[in-house]
Every structure is written in structure tokens, then in C-alpha cells.
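1. just a sequence and a predicted model for now, questions to come.
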Amino acid sequence: MAVRVGVLGATGAVGQRLIQLLDPHPKFELAALTASDSSAGKTYRQAAKWRVDSPIPADVAEMTVQATEPDAIPNDIDLLFSSLPSSVGAAVEPGFCEAGYVVSSNSSNGRMDDDVPLVIPEINAEHLDLLEVQRDERGWDGALIKNPNCSTITFVPTLAALTEFGLEKVHVSTLQAVSGAGYDGVSSMEIIDNAIPYIGSEEDKLETESRKLLGEFDGASLTHNDVAVSASCNRIPTIDGHLENVWVETEAELDAAAAAEAMEAFPSLDLHSSPDPLIHVFDEPDRPQPRMDRTVGGGMAIAAGGMQETPFGLQYNCLAHNTIRGAAGASVLNGELLAENGYL
């Protein structure tokens with residue numbers, strides 16, 4: 001039996017990507033869409049300015065958009081995917097959870113809350129059990145799970161593959177695509193023939209979310225990993241695909257060949273949206289590249305390459321499609337993990 005799902009914030013860029021991924025999904029049935037009050041009551045075709053690189057699904061186009069409130073959602077929905085702006089998510093997501101809905105959210109609000117699991121399924125699926133603590137503490141029948149920031153998702157899987165060498169220090173410099181800022185986020189006059197060496201709050205997200213993702217859950221509380229992470233974030237004029245330069249210092253000796261082997265061997269999961277391999281390692285020194293490699297693994301894999309030893313530790317590059325693996329696809333994958341583990 002298909003899992004009936006809905007999308008909160010369905011008309012935005014990530015909401016549209018969610019619809020693109022959910023409409024053909026073999027286990028999820030898209031049954032509800034919400035947006036702002038100005039869109040409620042319209043068909044989705046009328047409400048959304050469709051910008052995804054495939055046609056709007058015909059059945060979705062004629063669905064009626066609902067208001068983003070629990071009373072507007074059918075009570076037979078098993079799972080909600082949230083792509084709301086963080087300020088809106090902070091205001092309304094708890095109300096859906098109180099009403100009994102399970103929410104897999106891409107919004108940044110609440111990611112660092114002690115009782116909210118921040119999950120990349122292939123990396124820390126065991127953190128999902130933090131939902132038991134969440135339900136006990138908050139008295140919710142529903143639940144809230146978060147996926148990390150798109151830039152965090154890009155490099156943390158590569159770090160997870162290297163934990164056996166004892167992570168001590170990580171430095172990361174990001175080259176982030178304009179789609180990460182949303183359709184209206186960066187004007188053409190700002191970004192064409194330019195690079196912007198600052199993205200508000202992004203550095204903090206990489207530095208804190210990574211340590212939570214790599215932390216240990218003992219069944220009652222989560223201890224963050226003590227690796228030191230320093231980030232510098234840059235916006236560049238590519239459409240999709242966050243490219244990141246990473247330097248890693250480890251307790252044990254780590255050379256390029258051993259790092260490549262560890263990343264190539266890092267296991268994936270038997271979930272519909274999880275790619276195999278999770279990390280695609282390139283031998284070529286000039287790969288990965290956003291235009292060439294952002295859709296590796298259907299846009300759900302991490303690409304890595306350019307590995308070399310330096311005086312500052314192992315250096316390598318990694319890349320992920322920021323609106324697929326880094327946003328909508330990450331939420332869908334978390335939904336699959338929730339279903340697999342009986343949380344719906």
C-alpha cells in the first residue's frame with residue numbers, strides 16, 4: 001500500500017523539486033499540497049510558476065492547493081515534506097506535529113535542537129531513534145526530522161568515510177550555486193562576472209551541523225563529534241551543484257590512495273533514493289565539476305576527486321546537486337527511512 005504524502009510550501013523552488021521526485025515515486029502517493037494564503041484554493045498550475053527542468057506532472061497540475069495549516073490537510077496523510085522558509089517552518093511545523101503528522105523537513109529551523117534528529121540516512125540512520133525522546137519530551141503524536149543544509153550534505157559523507165582515521169581538523173571552502181539562494185536570492189547584476197565570498201549563516205551551518213551528524217546517540221541523548229571544523233562559503237555563477245574544497249587532518253596517517261579507497265567502499269543503503277555507490281570517486285585531477293558531475297547517481301550521489309597530500313593534511317574536492325541531494329532528495333530519502341523504520 002502506498003504511503004500518502006503531502007508537501008508544505010509546494011510552490012517554491014524546493015517544493016517543485018519535491019513534486020518532481022515524489023510524483024513517480026513507487027512507494028509514495030502525493031495527495032496534498034500547501035502554499036501561502038494567496039495560493040490556497042487555486043489549482044497547482046495556477047499557483048506555481050513552474051521552473052523545474054521537466055514538465056509539471058499533469059495530475060499534480062490540477063490538484064487544489066490548500067492553506068498551510070493542519071486543519072486543511074486530510075487526516076489520512078501519513079507523511080508531510082516541508083520546504084517552507086525557515087521563519088514559516090518555525091511557526092507552523094510544531095503545530096503539524098502536535099496534530100499527529102510526521103514531518104520530514106528541509107527548513108533550517110530546529111536542526112540543532114537537542115531532540116530533533118538531523119539525518120543523512122547513509123551516515124547516521126541510528127539518530128532517527130531520537131524521535132522517541134522527542135515524542136516523550138514534547139508530547140507529540142507526530143514527529144519532526146530534519147535534513148541538513150545543502151552545503152553540509154556535500155562534504156559530511158566524505159568525512160564519514162574517513163572517520164576510521166580519526167578526524168581532528170577539517171577546513172572547507174565552498175563554491176555554491178545560485179539556486180541555493182532560491183530563484184530570487186541573487187540578482188544577475190550581483191553574480192554574473194563575479195563571486196561573492198560570503199553567504200549569511202552558511203559557515204555556522206557547516207561547522208555545527210557536521211559535528212551533530214557525526215555524533216553518537218546513546219539512546220537518550222546525542223553527543224556531538226569533537227572534530228574542529230572551519231568553513232568559508234562563496235557564491236559563484238553556476239546554476240546547480242555545490243563544489244567544495246576540503247582539507248582534513250587525521251590522527252592516523254592518511255594518504256590519497258587510502259582516502260579514495262575508503263570513500264569508494266563507504267556503504268549505501270537499500271532505500272529507493274539512496275545511490276550505489278554513495279560516493280563516486282574520480283581519478284581525474286580536474287573532477288568533479290558542477291556542469292559535468294552534479295547529476296551523478298541521479299543527482300543523489302556525492303562526487304569526490306582531486307585527492308592529494310599537503311602540509312595541511314589530505315586535500316580533496318567534493319560535489320553534490322544542491323537542490324536534489326542537498327534539499328528535496330534528502331527530505332524524500334529521510335521519508336523513506338521513516339517508513340522503513342515504522343515511524344509512519
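-> Thanks, I have the structure now. Values in this document were obtained by computation on a predicted structure and should not be read as measured data. Numbers count the residues shown, from 1 in each chain.
2. so the closest residue to Asp255 other than its chain neighbours, which of the three states?
-> Excluding its sequence neighbours, the residue lying closest to Asp255 (CB to CB, 6 or more residues apart in numbering) is Glu309, at 5.7 Å. All C-beta spots, glycine's among them, are computed from the backbone N, C-alpha and C. At Glu309 the chain is in strand, as set by DSSP: H, G, I helix; E, B strand; the rest coil.
3. ok, Glu309 touching Glu253?
-> No. Counting by CB atoms under 8 Å, Glu309 does not reach Glu253; the two are 9.6 Å apart.
4. so those two - more neighbours on which side?
-> For Glu309 versus Glu253, neighbours defined as other CB atoms under 10 Å are more numerous around Glu309 (14 against 9).
5. what pLDDT does the more buried one get?
-> What the model reports for Glu309 is a pLDDT of 97.
6. I'd like the distance between the nearest residue to Val3 once chain neighbours are set aside and Ser38.
-> For Val3, ignoring the flanking residues on the chain, the nearest one in space by CB to CB, 6+ apart is Asp78 at 4.8 Å. For Asp78, the distance to Ser38 under the criterion CB to CB, to the nearest Å works out to 28 Å.
7. which one of these two is surrounded by more residues?
-> The residue with more neighbours, out of Asp78 and Ser38, is Asp78; 20 against 10, by other CB under 10 Å.
8. who's in contact with the more buried one?
-> Residues touching Asp78, when contacts are defined by CB atoms under 8 Å, 6 or more residues apart in numbering, comprise Val3, Arg4, Val5, Val102, Leu344.
9. 10 Å instead?
-> 1-6, 28-29, 31, 101-102, 335, 338-339, 343-344 (CB atoms under 10 Å, 6 or more residues apart in numbering).
10. my read: Tyr343 touches Asp141, true?
-> No. Between Tyr343 and Asp141 there is no contact, the gap being 11.6 Å when judged by CB atoms under 10 Å.
11. what residues do these two have in common as contacts?
-> In contact with both Tyr343 and Asp141: Val102, Arg135, using CB under 10 Å, 6+ apart.
12. neighbour count: the two, which is higher?
-> Neighbours of Tyr343 and Asp141, each counted by other CB under 10 Å, are more numerous for Tyr343; the result is 20 against 11.
13. so which residues of the stretch 151-300 of the chain form helices?
-> 188-191, 202-213, 256-265, 290-293 (DSSP state H, counting those that start in this stretch).
14. can you tell which of those is closest to Asp53?
-> Checking the helices of the stretch 151-300 of the chain against Asp53 by CB to CB gives helix 290-293 as the closest, at 13.4 Å.
15. show me the contact partners of the closest one.
-> Helix 290-293 is contacted from outside by 175-177, 236, 238-243, 280, 282, 286-287, 301, 303-305, 319-322, using CB under 10 Å, 6+ apart.
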